[in-house]
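Novice: Next input, structure requested:
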Amino acid sequence: MVYPTSLNKAKNYFEKFPGIGGKSAERLALHLLNMSLEEIEDFATSIKEVKTKLKECTICGNLSEEDICSICSSSTRNKNLICVLEDKKSLFAFENVGHFNGVYHILGGLISPLDDIGPENINIKGLVERVEKLENPEIIIALKSSLEGQTTTLYIKKIFEKKKVEISRLSYGIPMNAEIDYLDEITLDRALEDRKIISE
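Specialist: Take a look at the predicted model:
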């Protein structure tokens, strides 16, 4: 089908979004016609602000408009309880459940020798620096049950094996290779509540 140039341009951009195919992109592009000019301008501004205002928290790696995110700066969070995650999407999944009162540490990836990704390529150093400043810290490793996730878990465990750090992982029951952000709230909440100590 031959689309008008402006409509085709909008459609092509929507197709770049994950999970958006040609038909969905077409519907989204056509929906723009039903929006007011004010809504369109506000939409465009919000997209620009996502790119220009958001940055990574200097402590945990979460998205924030400030140097330190609202979770790390909160006085009600347990700073001695750190949940280690692969990416930001996983953090959003935990926060949507709403029962975790600790803080997070985003690695920004997993150790994968086949992909030339070693410990130095992800944010393990930052985790070590945080933990060394704490008293009676507990690390909850919440990584997917894949070879890369298990390799990363074992590496973190080895780093802290001679230090007074309690390390736990999410309980079993999570499907192999399942992405944390795709788990339903009940499964994720139960996996966190029934976490298993692995540092003993």
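Novice: Can you classify Phe17 as helix, strand or coil?
Specialist: Per DSSP: H, G, I helix; E, B strand; the rest coil, the local secondary structure of Phe17 is coil.
Novice: number of nearby residues for it?
Specialist: 11 (other Cβ atoms under 10 Å). Backbone N, C-alpha and C define where each C-beta goes, glycine included.
Novice: for Lys51, same thing?
Specialist: 7.
Novice: Report the contact partners of Met35.
Specialist: Applying Cβ atoms under 8 Å, 6 or more residues apart in numbering, we find Met35 in contact with Phe43.
Novice: Can you spell out the domain ranges of the chain, please?
Specialist: If you go by automatic domain parsing, the domain ranges for the chain are 5-53, 75-197.
Novice: Which stretches in the protein count as helices?
Specialist: Ranges of helices within the chain are 5-14, 22-31, 37-53, 88-97, 124-131, 147-159, 185-193, based on DSSP state H.
Novice: so which of those helices comes closest to Thr76?
Specialist: Nearest of the helices of the chain to Thr76, taken as Cβ to Cβ: helix 88-97 at 13.8 Å.
Novice: tilt between the closest one and helix 185-193?
Specialist: Taking axes from the mean of the first three to the mean of the last three Cα atoms, to 10 degrees, helix 88-97 and helix 185-193 form an angle of 100 degrees between their directions.
Novice: Buried residues in helix 88-97, which are they?
Specialist: Within helix 88-97, the residues scored as buried using 16 or more other Cβ atoms under 10 Å are Lys88, Ser90, Leu91, Ala93, Phe94, Val97.
Novice: can you check stretch 52-63 too?
Specialist: Glu56, Cys57, Ile59, Cys60, Gly61, Asn62.
Novice: Name the residues that touch it?
Specialist: Taking Cβ under 8 Å, 6+ apart as the rule, stretch 52-63 contacts 64-65, 67-69, 71-72, 88, 91, 103-108, 123, 126, 130.
Novice: Now do the same contact list for Asn80.
Specialist: Gly102, Leu134, Glu135, Asn136, Pro137, Glu138.
Novice: sorry, back to before: indicate which one of the helices of the chain is closest to Ser199.
Specialist: Of all these, helix 147-159 comes closest under Cβ to Cβ, at 6.5 Å.
Novice: quick one: Pro119 and Ile111 touch, right?
Specialist: Yes: the pair Pro119 / Ile111 is scored as a contact, 5.9 Å apart, by Cβ atoms under 8 Å.
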